[in-house]
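Trainee: pasted the sequence and its predicted model underneath.
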Amino acid sequence: MISATIIAAVISYYTSKKLNAKQNKASQDIEILKHQLERSREAETKSEQLQSIMKRYRDPLLRSAFELQSRFFNILKQNLLWVYLINGTTQERIYDSKHIICNSSIFWLDRNIAARYTIS
């Protein structure tokens, strides 16, 4: 009878050790899953912030890029500088120099983004 009690105690001991090991493994897995879920939520938040920023600035940037491309085309392909600023009359020179400076794409971009930022 003593041997049956010893065998039962040994089996109980190893069973409890295995059970504890499985519980520890399960709790580690749960912690890993919690950490992964937290990182996933942070990534979603960052993605939402990026989408918000893109929505806010996409249109002004696209318009500015189009305006800049248009101005480069006019200056380079249609010889705007040569025709008006160099060979033009005094009025044409004054108008074009003010027009190029005041309505340049960078000025236009700054003005539109500032307006959009203050409105939102």
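Mentor: Thanks, I have the structure now. Numbering: from 1, shown residues only.
Trainee: any stretches of the chain with poor pLDDT?
Mentor: 1-2, 80-120 (pLDDT under 70).
Trainee: go again using 90 as the cut-off
Mentor: 1-21, 40-47, 49-120 (pLDDT under 90).
Trainee: where exactly do the helices run in it?
Mentor: 2-76, 80, 90-102, 105-119 (DSSP state H).
Trainee: single out the most deeply packed of those.
Mentor: helix 80 (a mean of 18; mean count of other CB atoms under 10 Å). From N, CA and C alone the C-beta is placed, and that goes for glycine too.
Trainee: may I have stretch 62-73 as CSV, with CA atoms only?
Mentor: Extracted in CSV, the C-alpha atoms of stretch 62-73 (Å, rounded to 0.1, in the frame of the first residue of the first chain):
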residue,chain,number,x,y,z
LEU,A,62,-2.0,68.6,-56.3
ARG,A,63,-3.2,72.1,-57.3
SER,A,64,0.1,73.6,-56.5
ALA,A,65,2.0,70.9,-58.4
PHE,A,66,-0.3,71.6,-61.4
GLU,A,67,0.2,75.3,-61.1
LEU,A,68,4.0,74.9,-60.9
GLN,A,69,4.0,72.7,-63.9
SER,A,70,1.9,75.2,-65.8
ARG,A,71,4.3,78.0,-64.9
PHE,A,72,7.3,76.1,-65.9
PHE,A,73,5.7,75.3,-69.2
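Trainee: mind checking how far Thr5 is from Lys18?
Mentor: Between Thr5 and Lys18 the computed distance is 21 Å (CB to CB, to the nearest Å).
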